[in-house]
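Q: Please find the sequence and the predicted model below.
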Amino acid sequence: MAICAVLCSIIVVVLWTNFIASPASMALAHGKSKTTILKFDSEEDVAVALAKYTADLSEKYIREKGSISVVLSGGTLIDTMRKLVESPYKESVDWSKWLIFWVDERVVPLTSDDSNYKLAYDGFLSKVPIPSSNIYAINDKLSPEGAAKDYEARLKHLVVSKIIPLSNASGFPKFDLMLLGMGPDGHVASLFPNRPQRYEKKRWVTFITDSPKPPPPRITFTFPVINSSSDIAMVVTGAELADTVNIALGDGLPPDSIPLPSMEVSPEGELKWFLDKDAASKLK
């Protein structure tokens, strides 16, 4: 106990996982994916660590390739990114080299409180000098199907323009960093446990009109795109997610259950889970 008292509050567990449970995971997994689980005492500690992690990757990718492509999600993520808009990161990060995308978006006006773009703009993008031309929001004037096709076409143009590379392993666009959350049902992006979009293997961006979580019309990256990423951070905080975290990372699924979408996240590089004490409370 005396030793534990002086240790850092961050516990790091490194796992090597093979995905073999569902048809989608068998098709999408890239062999073995290194997963690091980081546990923190509080959500505030998660926010501090997430800012350093993101800033360090920003410096790395900008040094290596001249830019960093960052894919955002909705939910509580933007609030947990709040330390990035404070010193020292607000001044030290080269924001002009950031390219911003969304892993999923609600098909609502960008001015709507339901919009992931508005959430990101109010809490993050309006506070750092990322050029507006580097921010790729959806076309909110289109139908869900039209918005998905348009977003995929724009990604393909960026690939042709050599702004976004293709993965040598998968042939899908390769983003540098995805910042993801997880819902209580284990969904990531807008890929829900009992919806067919999670099994899409060919499209880069697909759409859903009956999301079990409102609002129902959305577009979303597919798992081939998500899993072609170089790095993914899964940011999960709050006691209401403890049972789902335990299924995804601890005790696993009950017999005959459908695998959680979050269990299928397997980037080409490294997956890091950022958990506060409450979210990790059921892990043994």
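A: Received it, and whenever you're ready, just let me know what you need.
Q: going forward, measure contacts between C-alpha atoms and count neighbours the same way
A: Noted.
Q: quick one: the residue nearest to the spatial centre of the chain from Ser143, how far?
A: With the centre of the chain defined as its mean C-alpha position, the nearest residue by C-alpha atoms, centre = their mean is Leu180, 2.3 Å away. Using C-alpha to C-alpha, to the nearest Å, Leu180 is found at 25 Å from Ser143.
Q: can you check Phe223 too?
A: Applying C-alpha to C-alpha, the value for Phe223 to Ser143 is 22 Å.
Q: and what of Pro261?
A: 25 Å.
Q: who has more neighbours, these two?
A: Ranked by neighbour count (other C-alpha atoms under 10 Å), Pro261 and Ser143 place Pro261 first, with 26 against 17.
Q: In this structure that one contacts Gly186, no?
A: Yes - between Pro261 and Gly186 there is a contact under C-alpha atoms under 8 Å: 5.8 Å.
Q: Quick check: neighbours shared by these two?
A: Phe192, Pro193 (C-alpha atoms under 8 Å, 6 or more residues apart in numbering).
Q: so the closest residue to Thr80 other than its chain neighbours is in which element?
A: Nearest non-adjacent residue to Thr80, counting by C-alpha to C-alpha, 6 or more residues apart in numbering: Ala47, 4.9 Å away. Per DSSP states H and E, Ala47 falls inside helix 43-65.
Q: which other helices and strands contact that helix?
A: Helix 43-65 is packed against strand 68-72, helix 77-80, strand 270-276, with contacts defined by 3 or more C-alpha pairs under 8 Å, 6 or more residues apart in numbering; DSSP states H and E.
Q: Any stretches of the protein with poor pLDDT?
A: Applying pLDDT under 70 to the chain picks out residues 1-33.
Q: residue ranges for the helices of it, please.
A: 2-6, 23-28, 43-65, 77-80, 89-92, 116-123, 144-160, 223-226, 242-249 (DSSP state H).
Q: Extract the C-alpha set from stretch 179-191 and format it as PDB.
A: What follows is stretch 179-191, C-alpha atoms only, in PDB (Å, rounded to 0.1, in the frame of the first residue of the first chain):
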ATOM      1  CA  LEU A 179     -10.600  11.000 -31.300                       C
ATOM      2  CA  LEU A 180     -13.500   8.800 -30.500                       C
ATOM      3  CA  GLY A 181     -16.100   8.300 -27.800                       C
ATOM      4  CA  MET A 182     -18.300   5.400 -26.900                       C
ATOM      5  CA  GLY A 183     -22.000   5.200 -26.100                       C
ATOM      6  CA  PRO A 184     -23.600   3.100 -23.300                       C
ATOM      7  CA  ASP A 185     -24.600   0.600 -26.000                       C
ATOM      8  CA  GLY A 186     -21.000   0.400 -27.200                       C
ATOM      9  CA  HIS A 187     -21.500   2.300 -30.400                       C
ATOM     10  CA  VAL A 188     -18.700   4.400 -31.900                       C
ATOM     11  CA  ALA A 189     -19.200   7.100 -34.600                       C
ATOM     12  CA  SER A 190     -22.800   6.300 -35.700                       C
ATOM     13  CA  LEU A 191     -22.100   2.600 -36.000                       C
END
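Q: how distant is it from the center of its chain?
A: How far stretch 179-191 lies from its chain's middle: 8 Å, per C-alpha atoms, centre = their mean, to the nearest Å.
Q: Minimum distance to Ser190: which of the helices of the chain has it?
A: helix 223-226 (10.5 Å; C-alpha to C-alpha).
Q: what's the nearest residue to the residue nearest to the centre of the chain if we skip its chain neighbours?
A: Spatial nearest neighbour of Leu180, chain neighbours left out: Met234 (4.9 Å); criterion: C-alpha to C-alpha, 6+ apart.
Q: For the one you found, give me its contacts.
A: Counted by C-alpha under 8 Å, 6+ apart, Met234 has contacts Leu179, Leu180, Gly181, Met182, Leu271, Lys272, Trp273, Phe274.
Q: For it, give the beta-bridge partners.
A: Leu180, Trp273 (DSSP bridges).
Q: about what we covered before: closest one to Leu125 out of the contacts of Met234, please.
A: Set against Leu125, the nearest of the contacts of Met234 by C-alpha to C-alpha is Leu179 (14.6 Å).
Q: ok, the closest one - contacts?
A: Leu179 neighbours (C-alpha under 8 Å, 6+ apart): Val70, Val71, Leu72, Ser73, Leu77, Ile232, Ala233, Met234, Val235.
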